[in-house]
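# the following block contains a protein sequence and its predicted model.
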Amino acid sequence: VYMKTNVKSPGFSPKPVQSELEVNYDHKEFNPDAYTRLILDVLQGKQAAFVRDDELRRAWEIFTPVLHKIEQTNVRPITYPQGSRGPIEADEFIAKTGGYRRNDDYVYLENGLMKKVEGNAGSLMDSSYDFPESQKSDVGLWGLAVMGQNFALNMASHGFKVCVGNRSPGKVDSTVARAKAEGNLPLVGAKSTEEFVARLSKPRKVVILVQAGKPVDDTISQLAKYMEPGDVIVDGGNEYFPNSIKRSVFLKPKGIHFIGMGISGGEEGARNGPSLMPGGPKSAYDLVAPIFERCAAQVERTGACAAYLGPVGSGNYVKMVHNGIEYGDMQLIAEVFDAMVNILGMGNEEIADVFSEWNKGDLSSYLIEITEKILRKKDDKKDGYVVDYVLDKTGMKGTGAWTIKEAAERGVAVPTMAGSLDARMLSARKEERVEAEKVLSGPTISATEKKQLIDDLGAALYASKVCSYAQGLTLIKTASDDFGWGVDLAMCAKLWMGGCIIRAELLDGIQLAFANNPKLPNLLVDDGFAKAINERSTAWRRAVATCLTNGIACPSLCSSLTYFDGYRRERLPACLTQAQRDFFGGHTYERTDMEGRFHTAWTDAHKDIGDANQRTAGENLQV
């Protein structure tokens, strides 16, 4: 293979120089080597392929002292978006040293260089799409799966003029037809991204509801070609929060605002009033707030279940934790159901009656409500109930795993949610469990007083739910402090009080607890919730013990109780664990009676490690 290319010369000079690359292979079979990878990089346009040795060494001379300074002083460097030109000071320095001058008559777009046009800052808008202002829409929604269609119709139902678009035009037509059938709602369709953007009033407000990941990036790239500085893009999908931050960075040089917004409530909530959890620039949220706060679920005491949470990423984070709590809540209900079926021998209708009663009191919630309905649903294909024919394998889309991963990153214990994730993963091994039942035995189910166990299970369910919320809100607070988001936990509870999957009676008390004491370190130490859990503690323990002694797995009920017991104790056996770490790894330890770090020569084989404080100086260093 012989390649001859023109590449930029080192430094700031735009002068090209010729570079040659010749690769010979003498054998038919060979392993890919550096040359093969280099050619692939060149063909893919990766810039690293064109870095010359002298240029690289010059870069090292500049950055090595900077990196050393960062390591020594724990300074967080300022980062700039890929493709951006950096600060004005950088322009001045480059102009002084290399003669380069920025040409502000041009803007850089993904598809190349574009000369600015008066009033559109380089927009690619096709002049053939010139709609009068009276025909333009207040908001656009791109992505017309069930959630997208329903949220578009929701906004139109509240009097907002909506323009919809989709990759496949057929869904645009069906959504327009639905809008007409549901009361001639003010909704129009567009068959291309150009027409879609042209139909929106300025500053344009676009909600996208497409599959997470690459489809979101592709949609944003297409829309951004025709949008202008000051416009707003809102991603309403279930997205991992770092991806929203990256998209905000991508759009910032174009002047387009980005909001990552969690939406909860399913297709019914999207149509009739969901819970909305937005995070992004406050000025951008103010533009969409009149729409979102009218279309969100409404709660009598606290109002709209939509409000500003913080900078970009915060909304997705709160929605992620919401889903983690949802995982835990569903698992807790399933474990209670399992105990009623396999310990008490109760049937679906009898269990549904219990859930119906629970839904009238402290346990009242959306998930308790739908559980009763599910248990009563008769099958239309065979005799019996639908739930008895549902395969015992629980699916998941990843948000629960994100929550557990984030909790580990932040150093926050979330055992209720972790137990629910473990249960889902174990359920997926159906074939293995079928074989395991043939060789592994459990205890014989013992007779239990029915009313006592039902009451105990209700107490255990309530106390465990409180623990789950406590864990989730602690995780949000920790992340908010780490990232400087300033998320209000009382606001999180307010947004969850209506429209969403985890809406529950106890959220009213949670909202009041954090509103009255924003510095509350953990929900468990709020006076009201501490009293409620202490009163249920004995019943909670009886319920968990009954499940375990009868061989009924209850990972979330049990781990919630151990979370409570671990959190309420002043001293834990972690003293022994840390001593073990010092024994085999010299990790040092802190003492209860004096300041500093210490190391013990536990045996004659252990040596003095010197200054223990210096040994651990880098443990918490973050760059």
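Happy to help now that I have it. Residues are numbered from 1 along each chain as shown.
# top helix in this protein by residue count?
Using DSSP state H to define each element, the chain has its longest helix at helix 450-483.
# so which bits of that one are buried?
Of the residues in helix 450-483, those buried by neighbour count under the rule 16 or more other CB atoms under 10 Å are 453-454, 456-480, 483. (Glycine included, C-beta is placed from N, CA and C.)
# residue boundaries of the helices in the stretch 401-550 of the chain?
Listed in chain order, the helices of the stretch 401-550 of the chain (DSSP state H, counting those that start in this stretch) span residues 415-427, 430-439, 450-483, 489-496, 506-516, 527-549.
# how far off centre is the shortest one?
Between the mean C-alpha location of helix 489-496 and the chain-wide mean there is a distance of 16 Å, by CA atoms, centre = their mean, to the nearest Å.
# what comes up buried for the host helix or strand of Ala334?
Assigned by DSSP states H and E, Ala334 belongs to helix 314-342. In terms of neighbour count (16+ other CB under 10 Å), helix 314-342 has its buried residues at 314-337, 339-340.
# check stretch 577-594 too.
Residues Asp582, Gly586, His587, Thr588, Tyr589 are the ones in stretch 577-594 that count as buried (16+ other CB under 10 Å).
# tell me how far the last one lies from Gln580.
Read it as Tyr589. 10 Å (CB to CB, to the nearest Å).
# repeat for Val341
Val341 is 42 Å from Gln580, by CB to CB.
# so Leu276 sits in a strand?
Yes: counting by DSSP: H, G, I helix; E, B strand; the rest coil, Leu276 falls inside a strand.
# now it. Nearest residue, chain neighbours left out?
Counting by CB to CB, 6 or more residues apart in numbering, the nearest residue to Leu276 once its immediate chain neighbours are dropped is Ala306, at 3.8 Å.
# okay, angle between the longest helix of the chain and helix 489-496 too, please.
Put simply, helix 450-483 runs at 120 degrees to helix 489-496, going by axes from the mean of the first three to the mean of the last three CA atoms, to 10 degrees.
# heads up, I number from 796, so please use that
I'll keep to 796 as the first residue from here, and by that count the last item is helix 1245-1278.
# elements contacting helix 1245-1278?
helix 1109-1137, helix 1143-1153, helix 1194-1205, helix 1210-1222, helix 1284-1291, helix 1301-1311, helix 1322-1344, helix 1350-1363 (3 or more CB pairs under 8 Å, 6 or more residues apart in numbering; DSSP states H and E).
# out of the ones you listed, which is closest to Val861?
helix 1194-1205 (26.2 Å; CB to CB).
# any low-confidence regions in this protein?
Across the chain, the ranges flagged by pLDDT under 70 are 796-798, 802-810, 814-837, 839-848, 869-923, 1404-1418.
# would you mind measuring from the residue nearest to Leu1071 to Gly1025?
For Ala1101, the distance to Gly1025 equals 22 Å [CB to CB].
# for the residue nearest to Leu1071, grab the count of nearby residues.
As a burial measure, Ala1101 scores 28 neighbours (other CB atoms under 10 Å).
# test my guess that it contacts Pro1085.
No: here Ala1101 does not reach Pro1085: they are 10.6 Å apart, not a contact under CB atoms under 8 Å.
# what's around the residue nearest to Gly1214 when sequence neighbours are not counted, how many residues?
Counting by CB to CB, 6+ apart, Gly1214 lies nearest to Pro1350, which is 3.5 Å off, once chain neighbours are set aside. Neighbours of Pro1350 under the rule other CB under 10 Å: 19.
# contacts only, for Pro1350.
With contact taken as CB atoms under 8 Å, 6 or more residues apart in numbering, Pro1350 is in contact with Gln1126, Glu1130, Gly1214, Ser1215, Asp1217, Ala1218.
# got the contact list for the second one?
So that's Glu1130. Glu1130 neighbours (CB under 8 Å, 6+ apart): Cys1342, Ile1347, Ala1348, Cys1349, Pro1350, Ser1351, Leu1352.
# one more: the last one?
By CB under 8 Å, 6+ apart, the residues touching Ala1218 are Gln1126, Ala1129, Thr1189, Ala1348, Pro1350, Ser1351.
# in which helix or strand does the fourth one reside?
Read it as Ala1348. With DSSP H and E as the criterion, Ala1348 is inside neither a helix nor a strand.
# list phi and psi for it.
phi -60, psi 130 (degrees, to the nearest 10).
# for it, what are its contacts?
Per CB under 8 Å, 6+ apart, neighbours of Ala1348: Glu1130, Asp1133, Ala1218, Cys1342.
# isn't the second one up against Gly1346?
No: using CB under 8 Å, Asp1133 is not in contact with Gly1346; the gap is 10.7 Å.
# mutual contacts of the two, please.
With CB under 8 Å, 6+ apart, Asp1133 and Gly1346 have no common neighbours.
# quick one on the thing from earlier: looking at the helices of the stretch 1196-1345 of the chain, spot the one closest to Glu1034.
For those, proximity to Glu1034 was assessed by CB to CB; helix 1245-1278 is nearest, at 15.5 Å.
# so the closest one versus helix 1194-1205, what angle?
Using the same axes, to 10 degrees: helix 1245-1278 against helix 1194-1205 is 60 degrees.
# what about Asp1277, distance to Arg853?
On the measure of CB to CB, Asp1277 and Arg853 end up 36 Å apart.
# likewise Val861?
14 Å.
# likewise for Asn961?
50 Å.
# which strand or helix spans Asp1377?
helix 1369-1380.
# what does the following helix or strand past that helix contact?
Counting by DSSP H and E, the next helix or strand C-terminal to helix 1369-1380 is strand 1384-1385. By CB under 8 Å, 6+ apart, the residues outside strand 1384-1385 that reach it are Gln1373, Ala1374, Arg1376, Asp1377, Gly1391, Arg1392, Phe1393, His1394.
# quick one on the thing from earlier: any idea how far the longest helix of the chain is from the chain center?
Counting by CA atoms, centre = their mean, helix 1245-1278 comes out at 20 Å from the chain centroid.
# likewise stretch 1216-1224?
21 Å.
# can you pull the buried residues of it?
Leu1216, Asp1217, Ala1218, Arg1219, Ser1222.
# CSV for those, including distance to Asp968?
As requested, the buried residues of stretch 1216-1224 are exported to CSV (distance: CB to CB, whole Å):
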residue, distance to Asp968
Leu1216, 41
Asp1217, 45
Ala1218, 43
Arg1219, 38
Ser1222, 40
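# nearest to Ala1338, of these?
Nearest to Ala1338 among the buried residues of stretch 1216-1224 is Ala1218, at 17.0 Å by CB to CB.
# distance-wise, check that closest one relative to Ile865.
Taking CB to CB, one finds Ala1218 at 43 Å from Ile865.
# and if you look at Gly1050?
30 Å.
# what does His1382 give?
25 Å.
# with Val1207 instead?
Per CB to CB, Val1207 is found 27 Å from Ile865.
# now do Phe1132
Per CB to CB, Phe1132 is found 54 Å from Ile865.
# next one: Asp1178
In terms of CB to CB, Asp1178 sits 70 Å off from Ile865.
# quick one: which of the two has more around it?
A count of neighbours by other CB under 10 Å puts Ile865 above the other of Asp1178 and Ile865, at 15 against 7.
# about what we covered before: and of the helices of the stretch 1196-1345 of the chain, who's closest to Leu995?
Short answer: helix 1284-1291, nearest of the helices of the stretch 1196-1345 of the chain by CB to CB, at 26.7 Å.
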